[in-house]
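> Sharing a sequence plus its predicted fold:
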Amino acid sequence: MLPRLTHFAINTDDVDTTKQFYASVFGWQFRDYGTSDFVQILDETGESPMGAIQQRRKLVPDAPTLGFECTIGVEDVDATSAAVVAAGGRILMEKSTIPNVGHLIAFEDPGGNPVLAMQYERS
């Protein structure tokens with residue numbers, strides 16, 4: 001199993017579009033929770049929450065909260081890169097290699113959030 005995050009929140013101006021983006025790129029499942037401006041992102045079992053997509057808020061006065069920075073482990077970074085573009089995202093950093101770690105890309109989702117995806121070496 002690839003490393004996974006225990007929890008994170010993705011801030012966005014459009015919860016539905018961002019939810020559709022991540023469903024398309026990573027196959028994530030969601031569960032409504034509370035109001036319509038917040039959904040839980042479920043783990044690979046489809047049962048336990050591992051994060052959330054939420055309506056953008058201003059934690060710092062006069063500055064919108066922009067996304068999250070985390071790395072998501074993937075099996076194939078090239079396929080992920082193609083899925084990002086096909087789903088309406090934008091590549092911020094083309095594939096680079098970190099010796100003895102793996103291959104890394106950075107992309108931006110439709111909500112303007114930067115994300116990293118890493119294809120880890122098997123060793």
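All right, it came through fine.
> List of residues touching the strand of greatest length in the chain?
As assigned by DSSP state E, the longest strand anywhere in the chain is strand 90-98. Strand 90-98 has contacts (C-beta atoms under 8 Å, 6 or more residues apart in numbering) with V77, D78, S81, V84, V85, H103, L104, I105, A106, F107, E108, P114. (Glycine included, C-beta is placed from N, CA and C.)
> I'd guess the fifth one is in a helix, am I close?
Yes. Following the definition DSSP: H, G, I helix; E, B strand; the rest coil, V85 is counted among the residues of a helix.
> rewinding a little: list only buried entries from the contacts of strand 90-98.
If you count burial by 16 or more other C-beta atoms under 10 Å, the buried members of those come out as V77, S81, V84, H103, L104, I105, A106, F107, P114.
> And the residue nearest to the spatial centre of the chain, how close does it get to E47?
The structure's the chain has its C-alpha centroid closest to V115; by C-alpha atoms, centre = their mean the separation is 5.8 Å. From V115 over to E47 the distance is 24 Å, taken as C-beta to C-beta, to the nearest Å.
> circling back: show me the two of the buried ones among the contacts of strand 90-98 that sit farthest apart.
H103 and P114 (17.3 Å; C-beta to C-beta).
> Looking at the contacts of strand 90-98, which is nearest G27?
V84 (13.3 Å).
> quick one: the closest one and S24 touch, right?
No. Judged on C-beta atoms under 8 Å, V84 makes no contact with S24 at a distance of 9.2 Å.
> And for whichever helix or strand comes after the longest strand of the chain, what's in contact with it?
Heading C-terminal from strand 90-98, the first helix or strand you meet, by DSSP states H and E, is strand 102-108. Strand 102-108 is contacted from outside by 71, 77, 80-81, 84, 89-98, 114-121, using C-beta under 8 Å, 6+ apart.
> Need the phi and psi values for A117.
Dihedral pair for A117: phi -130, psi 130, per degrees, to the nearest 10.
> How confident was the prediction at it?
A117 is assigned 90 on the pLDDT scale.
> neighbours of it, just the number please.
A117 has 24 neighbours, counted by other C-beta atoms under 10 Å.
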